[in-house]
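Colleague: Below are the sequence and a predicted model for it; my questions follow.
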Amino acid sequence: MRSYSLIAPAKINLYLEIIGDRPDGYHELAMILQSIDLADQIEVRSLSTDNIRVHCHHPQVPTDKSNLAYRAAELMATQFPDAFSNYGGVEITIKKQIPVAAGLAGGSTNAAAVLVGIDLLWHLGLTQSELEELGATLGSDVPFCIAGGTAIATGRGEQLAPLPNLAPIHLVLAKYRSLEVSTPWAYKTYRQQFGSTYIRDSDNLAARASAVHSGAIVKAILNQDAAEISQKLHNDLERVVLPAYPQVLQLRELFATQPGVLGTMMSGSGPTVFAIAQSLQLAEAIKLNVRQAIPDEDLELFVTRTTTHGIQIVPI
Ligand SMILES: C[C@@](CO)(OP(=O)(O)O)[C@H](O)COP(=O)(O)OP(=O)(O)OC[C@H]1O[C@@H](n2ccc(N)nc2=O)[C@H](O)[C@@H]1O
Ligand SMILES: Nc1ncnc2c1ncn2[C@@H]1O[C@H](COP(=O)(O)OP(=O)(O)O)[C@@H](O)[C@H]1O
């Protein structure tokens, strides 16, 4: 086969706790990551020439070496030089549905799809854990994007422990198209404002213990209890993003007052805010209400749901 088409789902963070600083400059995390139905479509095709090409029509997505999908192909070429010279270069076409720089792992899931696609194109037969290990060198969220479903992620986000699949939970996502939050900025600002002293400070520790408890949300997931999951959502990065981006705070507050919303939270480093809805019907109603309250065309709204899969190969 000379080409593969893959579905690359986005993720949301049901839980994100910053445990502290790490010597490598990253942050030690405790997260719960969840795949959602909102996805990009990626085509990976063999070329007769030995170069890597990326096509994407989205104006905010680069097609040069700064594209994470390009870097995934380059990594495979470096790691497997014999296969690269046997099978030739790779052409990657990205059909973008996932909002960009949104806290939804758009770039990471594209990179994950390219790793899976090239493994197939070049008949490498890599295991999922080998693919995840390669993915971790591209970005902290890439291993989860390969695995998908529901998982606890620790370390810098690359160490995964799968949780049982959740029955679909209905979601509404809101993101201002022109608003981007830089992930390095969010972590840097958190470090500057709260630092690692935050977790050593006994006053804060008491407040933190009541606010943060990953065990409770894991229990709610094991019980398949959407209402309880919604009550235990948490994201430490909201502490820096919400004060700096009033529009995100406004969305968060608007979602919280909508009938049928079980819980709401910012995903990752933002600026996407998601709401857990009681049903698909209520999710559609929430979307409509928010649209009426904020008629700004810059605001993108999506009704979607949780999914149990990571990268999937589309049969041609
Ligand atoms: C915040 C999260 C939550 O899932 O997602 P997004 O909002 O990006 O989707 C992740 O932690 C982002 O993962 P990812 O986007 O893959 O991050 P990376 O490329 O590895 O790192 C980007 C930058 O974020 C900071 N970073 C990332 C992960 C981590 N554990 N500590 C950090 O301090 C570092 O400044 C790093 O240079
Ligand atoms: N394949 C890609 N898809 C989306 N953005 C990409 C991609 N490759 C590189 N980028 C760049 O990465 C940055 C972060 O985008 P994205 O991965 O969508 O965000 P996030 O990590 O917050 O979910 C953007 O500024 C974008 O230009």
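Modeller: Yep, it's here. Ligands and ions are numbered 1, 2, ... in the order given.
Colleague: Number of residues surrounding Ser182?
Modeller: 11 (other Cβ atoms under 10 Å). Where you see a C-beta, it was placed from the backbone N, CA and C, and this is true even at glycine.
Colleague: Can we start the residue count at 50 from this point?
Modeller: All set: I'll call the first residue 50, so the last point we hit is now Ser231.
Colleague: and it, what is it in contact with?
Modeller: If you count contacts by Cβ atoms under 8 Å, 6 or more residues apart in numbering, Ser231 has them with Ala150, Ser318.
Colleague: mind checking how far it is from Gly244?
Modeller: According to Cβ to Cβ, to the nearest Å, Ser231 and Gly244 sit 19 Å apart.
Colleague: right, and Thr158 touches Pro192 too?
Modeller: No: between Thr158 and Pro192 there is no contact under Cβ atoms under 8 Å: 11.3 Å.
Colleague: shaky segments in the stretch 200-349 of the chain?
Modeller: Under the criterion pLDDT under 70, the flagged ranges of the stretch 200-349 of the chain are 245-262.
Colleague: Residue in it with the shortest distance to ligand 1?
Modeller: Nearest residue of the stretch 200-349 of the chain to ligand 1, counting by Cβ to the nearest ligand atom: Gly317, 2.4 Å away.
Colleague: Does the closest residue in space to that residue that isn't next to it in sequence lie in a helix or a strand, and which?
Modeller: Spatial nearest neighbour of Gly317, chain neighbours left out: Gly152 (3.3 Å); criterion: Cβ to Cβ, 6 or more residues apart in numbering. Gly152 belongs to no helix or strand when assigned by DSSP states H and E.
Colleague: So which bits of this protein are right by ligand 2?
Modeller: Proximity of the chain to ligand 2 (Cβ under 6 Å from any ligand atom) is limited to residues 109-111, 115-118, 143, 149-157, 159, 232, 317-318.
Colleague: Emit the PyMOL select command for whichever of those residues are buried.
Modeller: Buried members of these, defined by 16 or more other Cβ atoms under 10 Å, are picked up in PyMOL with:
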select buried, resi 110+116+117+118+143+149+150+151+152+153+154+155+156+157+159+232+317+318
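Colleague: Out of the residues of the chain next to ligand 2, list just those in strands.
Modeller: Ile143 (DSSP state E).
Colleague: Inside helices: which ones of the residues of the chain next to ligand 2?
Modeller: In helices, judged by DSSP state H, the following of the residues of the chain next to ligand 2 are found: Leu117, Ala118, Gly155, Gly156, Ser157, Asn159, Thr232.
Colleague: Residues of the stretch 50-199 of the chain that sit close to ligand 1?
Modeller: Counting by Cβ under 6 Å from any ligand atom, the stretch 50-199 of the chain sits next to ligand 1 at Asn62, Leu65, Tyr75, His76, Leu78, Met80, Gly152, Ala154, Ser157, Gly188, Ser189, Asp190.
Colleague: Tell me which of the residues you listed fall in helices.
Modeller: Those of these lying in helices (DSSP H): Ser157.
Colleague: Which among the residues of the stretch 50-199 of the chain next to ligand 1 count as buried?
Modeller: Those of those that meet the buried threshold are Asn62, Leu65, His76, Leu78, Met80, Gly152, Ala154, Ser157, Gly188, Ser189, Asp190, by 16+ other Cβ under 10 Å.
Colleague: wait, what's in contact with the last one?
Modeller: Applying Cβ under 8 Å, 6+ apart, one finds that Asp190 lies in contact with Lys60, Leu82, Ala154, Ser157, Gly206, Gly317.
Colleague: Take those and write them to CSV, including distance to Ser134.
Modeller: Formatted as CSV, the contacts of Asp190 follow (distance: Cβ to Cβ, whole Å):
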residue, distance to Ser134
Lys60, 35
Leu82, 36
Ala154, 32
Ser157, 28
Gly206, 34
Gly317, 38
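Colleague: Now Thr127. Its backbone dihedrals?
Modeller: Dihedral pair for Thr127: phi -70, psi -40, per degrees, to the nearest 10.
Colleague: Can you give me the neighbour number for it?
Modeller: Neighbour tally, Thr127, other Cβ under 10 Å: 9.
Colleague: buried residues in stretch 281-294?
Modeller: In stretch 281-294, counting by 16+ other Cβ under 10 Å, buried: Lys281, Leu282, His283, Asn284, Asp285, Leu286, Glu287, Val289, Val290, Leu291, Tyr294.
Colleague: Export the strand or helix carrying Val352 to PDB, keeping only CA atoms.
Modeller: Here Val352, judged by DSSP H and E, is contained in strand 348-354. Presented in PDB, the C-alpha positions along strand 348-354 are these (Å, rounded to 0.1, in the frame of the first residue of the first chain):
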ATOM      1  CA  LEU A 348     -16.300  32.200  18.600                       C
ATOM      2  CA  GLU A 349     -16.200  28.500  17.400                       C
ATOM      3  CA  LEU A 350     -18.600  26.100  19.100                       C
ATOM      4  CA  PHE A 351     -18.600  22.300  18.800                       C
ATOM      5  CA  VAL A 352     -20.900  19.600  20.100                       C
ATOM      6  CA  THR A 353     -18.900  16.400  20.400                       C
ATOM      7  CA  ARG A 354     -18.400  13.500  22.800                       C
END
